[in-house]
Every structure is written in C-alpha cells, then in structure tokens.
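Peer 1: Fold the following for me, if possible:
(one chain, ligands or ions: 3)
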Amino acid sequence: MPKIIYTKTDEAPALATQSFLPIVKAYTKSSGIRIETKDISLAGRIISAFPDFLKDSQKISDDLAELGKLATNPQANIIKLPNISASIPQLKEAINELQGKGYALPDYPDEPSGDKEKDIKSRYDKIKGSAVNPVLREGNSDRRAPKAVKNYAKKNPHSMGAWSTDSKSHVVTMDYGDFQSNEKSLTLPDNTNIQVQLILEDGGKTILKERIGLLSGEIIDATVMSRKALLAFLKEQIADAKKNGVLFSLHMKATMMKVSDPIIFGYAVKAFFEDVFNKYGDDFQEIGINANDGLENLLKGLKDLPEDKRKQIEMDIKADLDNGPDLAMVNSDKGITNLHVPSDIIVDASMPAMIRNSGKMWNAEGKAQDTKAVIPDSSYASIYQATIDFCKKNGAFDPRTMGTVPNVGLMAQKAEEYGSHDKTFEIASDGIVKVIDLNSGKSLIEHPVEKGDIWRMCQVKDAPIQDWIKLAVSRARATKIPTVFWLDKKRAHDAELIKKVDKYLANYDVSGLDIQILSPLEATNFTLERLKEGKDTISVTGNVLRDYLTDLFPILEVGTSAKMLSIVPLMNGGGLFETGAGGSAPKHVQQFLEEGHLRWDSLGEYLALGVSLEFYGEKNKNAQALILAETLDIATEKFLDNDKSPSRKVGELDNRGSHFYLALYWAEALAAQNKNLELKTIFTKVVKELSANESKIITELNSAQGSPQDIGGYYKPDQTKTSNAMRPSSTFNTILDQLQ
Ligand SMILES: NC(=O)C1=CN([C@@H]2O[C@H](COP(=O)(O)OP(=O)(O)OC[C@H]3O[C@@H](n4cnc5c(N)ncnc54)[C@H](OP(=O)(O)O)[C@@H]3O)[C@@H](O)[C@H]2O)C=CC1
Ligand SMILES: O=C(O)CCC(=O)C(=O)O
Ligand SMILES: [Mg+2]
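Peer 2: Ligands and ions are numbered 1, 2, ... in the order given. From the prediction side, this is the model:
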C-alpha cells in the first residue's frame, strides 16, 4: 500500500513536526493518503540498538535500518527532516538522559576492555556522527532555491554585514602533509577485493581492514594527514592570530567526518592548551579525558580530581586562554568557546555565518572581531578564502540583486569522503600503509606513515557517478543555466572523476548547453562574479562541496539554507525529500525552552511536502495528491508574499503561528480549485472557520509564549507535553480534528 514516510527527528525540526504534521494528516486524510512516521531521532536510534538491555515495553524497532532498505525500493517516498549527527559529548548526554528515564542502557565505554565493552562501543559508534543521512541517501542531490523563495528574499532582504577592504579576516590551510597533498587515486578496471595493511618498521603487519569489495569502474583514493605537519601548522596559526590581533577559529566537520575530524579537533585543543596538556596529560589519561571531546568535556571531567588539583588545572587553563590569541566564541554569554564541543563548529554553517557577518566572529566580550578561520585540510578551504577575498574587494553581496547557485551533488551510496569512516585509521606505529589487491596480490596505493597520522580511504562507485552526470545534464537542460563541474585536474581524485565526466558527457546531446569543468578556486571566482551581477550558475560537485555550497550560497542569498528545495531522486526510482539543507538548530530549542518562542522556519518542509505529494500523485495515479501538491505550492507562495515566516522575537508570530497561515492559505487554494469538487467543498468550510477565527487562534498561539517550557526532556521529550506545547490553540485544534 503506497504511503508517505515522515521522519521523527530531533531538536527544532522535531518540535515543529508536532505542530505541522497534524495539519498535514488532517488535510490529506480525505484523499486517502497514508502518512506513517518513523523514528530516526538520536534517542530512538540508541534505544533500538540495545534491546538486550531493555524491558520489553521499552524496546523499539530499528526504523533507520527499515528506511535504509525502503530507500532502495522504487515505491519509497520519504520526507526526511534534519536530525542530530551526534558528537561523543552529545551521545553521552543522550545516554544519560535515557538512563534517567529508566532505560538501563550501558555507559559509553571510552576505553573498552573485553569483548562485551567492545561490542557496546561498536554499537554506539554506529550511532554517532552522521549516521542517518548516508543510509538514506541512495541517490544524488538536487538542491536549489525555488523562484518564490528568491523573490521573497529580493523583496525582504535579510541583513548582510558590510565588508571593508582592510578586514584582517582570512582563511588558513595547510600547504603540505595534509589530505589534499598526499592524495593518491585510481579507477578499478575490474571487480576485486582489497585489503588495507600497515607494514611495521620491524617487518610486522597489522591488518587495518580485512576486505573491501570493489566494483569495476569504482574510483578509490587514499591519503594521510601528517600529525607532525598538522601540529606545526596549528601552533604557527595560534601564534600568528595572537600577533595580528585576530580571533582564532577552527572550522571542522566532526559530524560527517566522524573519525578523522574529532582527532584533528583534539590536536587543536592540545595545541591551544599546550602547557596544560604537557603538565597534566597523565592525569587526564587517568580520569579518561580525551582532548577530541573538547574543552567542555575536559572541564566537566576535572570534578573527578581532588579539589586543589582541579583548581590548579582550571587556573592553568585560564592562563593559556589569557596568554593565547583571542578565541572565537560559540556563545560568549555562556562562555562557550570554539574549542568547547566539536559539533558546535560545523564548517558548512559556521563559515557562511562568518561571511554574512562582515567576516567577523564573536569574541569573549560578545563583540564582533576579525577572524583567522583555521581549516586544516586544504582540499576545499580555497572556496572560503576566495569568497572572503571577493567580499573584501567588492563589498557584501546584496540579496536584492544577486543571482542564485543551485547545486547538483554527488552523494549516493556513501560517495567520497563522507563514506570513509570505516576506512579511516589513527595510525598506531610508524610504517607503510598499503592497499593490496587481493586478486593480484599487487599493492595499489602506499603511504609512509608515522604514529598519530590519520590515514583514510574513500570510494565512489561508477553507477552513482553516471547518475550524477545525468542529473547535472537534466538540470542544465531544464534551466539553461551555465553549469560548472567543480573539479581540480591537479587533484588526484578529481583527475579520475574528470575522466568519467568527459566519458559520460559524450553520451548526451549537450548542444546549446554551457557545461564546463573548473577547479574549486576558479569555479568560486567564476560563480561569485556572476552571482554579484545577478546571474545564476549551477554548481555540480562532489559530496563535500555539495554540503558546503548548499549552506554557503543559500545563507548569502536567502538568509538560511532552511528555505531550500532539497530533492534526492533515489537511484532505484523512489524519492527522498529533505526539508531544506540545514540542520536541527539547537539554538532555537534553547530559545523555545527559555521563553516559549520557536523561531524555526518550516519552509523547507512545505517545499519537501509539495514535491513528495506530487511524486505520490504521479506514482500512484492519485489526482487528489496532485491537487494537494499544486495548492500547497500556491499556499507557500502566498505565505512568502504575506511574510508569515516566524519572527525571531518572543511575543510575535512563531513557528506555530506560521503553520496556521500555511494551513489557511492551503485551504484557500483547495477551496479555489475546481478540479475536485469534494476537496472544494471540504476546504471551503475549513477556510470559513479558519478565517472567522484567525485573530482568536493567533491570540491563543502567541499568548502561549513568554514563559519557560517544560517538554520533559531534550533528546527524548515527553510526547504529550511536547504536543501540548506545540498545539496551544484549542480553536485551531478543533477545526483540524473535524477533518480527521
Ligand atoms: N540534514 C541533516 O540532517 C542535517 C543535520 N545537521 C545537524 O544539525 C545540528 C546543528 O548543526 P549546525 O551546523 O549548528 O547548523 P544548523 O543549520 O542547525 O543551524 C545554523 C543556524 O542556521 C539557522 N537555521 C537553521 N535552520 C533554520 C530554520 N529552519 N529556520 C530558521 N533558521 C534556521 C539558525 O540561525 P539563527 O540561530 O541565527 O536563527 C541556526 O542557528 C548538528 O547536529 C548537525 O549535525 C546539520 C545539517 C544537516
Ligand atoms: O548528515 C549530517 O550530519 C549533515 C548533513 C549536511 O550537512 C548536509 O547534507 O548538508
Ligand atoms: Mg550541510
């Protein structure tokens, strides 16, 4: 039986769903559209992984695994909301909350001893970081700002900080010893199996990865980040930031690069607090403090030490902070620094935020200050430096006149770096890492390594690449917009990919289309020049740049990536519809809990629902679903025209009130259409009731604001409490209930 799967996730999007989903269910009910919810929240994923520790009544199914299977089925129609990609500190918080709720879950074993603990750790490690998206993304990515969204931004431009030519802000990146410099790549001529070995200096051998099956035409690459080079780089940049009076700010992707980036983050923590780690390294080891988990975890862990020791360490930490450069702050009011929690400084969202803010970040006094943005690996750092240079020269972009940059991203089947976790290793002893072809016995790739280096291998299969090129051509053809593959012929992996682009593009009639290949740096400059002049350019990129560009350009163009249409045409024929391109906005939850105002904008969800209903209508020959899709589109446009997006300020329209207006406009459009008279009749009545009660409903919704909210938890809030908090208008609820 056909259905639309709605995902239950975390934080702000999960709160918003409590208000929005009842509307969706009510509006689609009479058309017989089945909507089913699947729990892929962090808490849900933890609970489902430990049935053997729980009471029967607490056990839940592994919904993510089920959806992963569904994603390969032509019938799949999944609306995917953003979810938490948990860092270790977040994972531990969630476990702690669940234990407090009576779930007898094991603690996360940092240093597992024995098979039982190893098993526990390995189950948790599957949940940590970006564990949902790679499972569901059985297709490539098509992200763009719909015309109505661009028009809205042109009429209601968001604030853009002015840029000055003498801004000292800049990006720094490594020029040797990093992933980019050491990358080696090749395309497999035949199906084969490989093994990854570490050959030790004494001739001994450690198997890092027993066996990886590879398909003919698959591109693999391997590379290594040198610990020594990284530490030298970090120390130099810390000193330089101090000398030049700019903020030191690290930008990583510890969530999606869940093995490599926390280690790099940890090296930055150790470099910044060098004296502290030199002096107390042994104590930290004893009480299980790992720099990779950040300063907050370190400070918390100190409570396990005798009081005088703890005080002494705290003083020394303060001394390092006082003597070092100013450190960028994530929240200066609460004293949360850039080095507190690895998941607070996610590069795709944090760099554009800095660029929008005149290239400045917040210092400890809460003032904006020029910043040194530290992005250790040089593979993609140039795009941010080029954007900063462009803004210094040309001033800030103007949302009223700038063009747009849609993205076609290679993503399917764990493509490239974002699929590398099970092939990333922190090297335990000096030696040579070899990738051995088990069929021929030949060594395909080799890297000399030293203890502490981070070695990783990535793969991308041929079928996803072909699908990605097809998607790029079809977007280029549908829009006639110049289309650029962001690939650098000087980079080993990209050189292999370029061969495929050349080969497969030849299968298409591309006459009249403007398709070219430029390096990321060239592509940035080309795109930015056009963007400034109001011209549009499609970016066709690998997985990481997909992620980076679909925050960078939306944030500059329309203020947030939450307003993006984000479609994943699944390779087996199904559809995955992501709601915007951004995350789960923890800051929004904080505001909601403190003052009862949720500033989360569900626009991305309206867009996703629209395409999901359209897909449903076409797949299942359901004319009503098509009408619901068309009318939702009309409603979304009116929603934007009338500026009913949530405000940021308590007491004004918030997420819930914005849902009311979407519902009103959707009902109006359904009442106005003449293709289906049953829908017309039903919704004519709904419009009458909603319009007559508009001010009453808005008063009920807005007067629920202004005080702290208790939703009974953060990672696993109480269902009834959350639903009550998110649906405070009994008048609105009654009108919706009549449709059920
Ligand atoms: N697809 C997915 O599942 C994704 C998940 N994530 C996860 O989300 C979490 C937070 O990531 P982070 O990098 O901080 O990025 P977020 O995108 O969650 O937040 C960055 C900022 O963007 C603005 N924003 C984001 N969404 C909306 C929205 N719907 N309406 C209005 N403003 C919005 C907010 O700005 P302001 O505070 O100024 O209002 C917010 O603070 C992490 O756990 C991360 O892994 C991240 C990206 C995608
Ligand atoms: O999976 C994640 O952690 C984040 C995904 C993301 O940022 C994106 O795809 O844009
Ligand atoms: Mg992203």
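Peer 1: Tell me the residue of the stretch 451-600 of the chain that sits nearest ligand 3?
Peer 2: Nearest residue of the stretch 451-600 of the chain to ligand 3 (CB to the ion) works out as residue 547 at 4.1 Å. C-beta coordinates here come from the backbone N, C-alpha and C atoms, glycine included.
Peer 1: Go ahead and confirm residue 368 touches residue 359.
Peer 2: No. Between residue 368 and residue 359 there is no contact under CB atoms under 8 Å: 9.2 Å.
Peer 1: For those two, indicate the residue with more neighbours.
Peer 2: residue 359 (26 against 15; other CB atoms under 10 Å).
Peer 1: What separation is there between the more buried one and residue 252?
Peer 2: 19 Å (CB to CB, to the nearest Å).
Peer 1: try residue 603
Peer 2: 28 Å.
Peer 1: Give me the more crowded residue out of the two.
Peer 2: residue 603 (27 against 24).
Peer 1: Report the beta-bridge partners for the residue nearest to residue 360 when sequence neighbours are not counted.
Peer 2: Using CB to CB, 6 or more residues apart in numbering and skipping residues adjacent in sequence, the residue nearest residue 360 is residue 368, 3.8 Å away. For residue 368, the beta-bridge partners under DSSP bridges are residue 362.
Peer 1: Who are the contact partners of residue 368?
Peer 2: 161, 357, 358, 360, 361, 362 (CB atoms under 8 Å, 6 or more residues apart in numbering).
Peer 1: Check the secondary structure at the residue of the chain most remote from its centre for me.
Peer 2: When distances to the mean C-alpha position of the chain are computed (CA atoms, centre = their mean), the maximum falls on residue 202, with 42.8 Å. The three-state label given to residue 202 by DSSP: H, G, I helix; E, B strand; the rest coil is coil.
Peer 1: Skip the chain neighbours and tell me the closest residue to the residue in the chain that ligand 1 sits nearest to.
Peer 2: Going by CB to the nearest ligand atom, ligand 1 is nearest to residue 583 of the chain, at 2.4 Å. Among residues not flanking residue 583 along the chain, residue 82 sits closest, at 5.0 Å (CB to CB, 6+ apart).
Peer 1: So what does the one you found look like in phi/psi?
Peer 2: Torsion angles at residue 82 (phi, psi; degrees, to the nearest 10) stand at phi -70, psi 140.
Peer 1: Kindly provide the distance from it to residue 70.
Peer 2: 19 Å.
Peer 1: which of those two has more neighbours?
Peer 2: In this view residue 82 and residue 70 are compared by other CB under 10 Å, and residue 82 has more residues nearby, 27 against 20.
Peer 1: what does the stretch 51-200 of the chain put close to ligand 2?
Peer 2: Counting by CB under 6 Å from any ligand atom, the stretch 51-200 of the chain comes close to ligand 2 at 85, 130, 133.
Peer 1: what about the last one, neighbour count?
Peer 2: Other residues within reach of residue 133 by the criterion other CB under 10 Å amount to 21.
Peer 1: Same question for the second one.
Peer 2: Residue 130 is flanked by 20 other residues according to other CB under 10 Å.
Peer 1: so it makes contact with residue 258?
Peer 2: Yes. Residue 130 lies in contact with residue 258 (CB under 8 Å); the separation is 6.4 Å.
Peer 1: Can you tell me which of the contacts of residue 368 has the largest number of neighbours?
Peer 2: residue 361 (26 neighbours).
Peer 1: Roughly how far does the nearest residue to it once chain neighbours are set aside sit from residue 368?
Peer 2: Nearest residue to residue 361 in three dimensions, chain neighbours excluded: residue 328, at 4.2 Å (CB to CB, 6+ apart). Going from residue 328 to residue 368 by CB to CB gives 10 Å.
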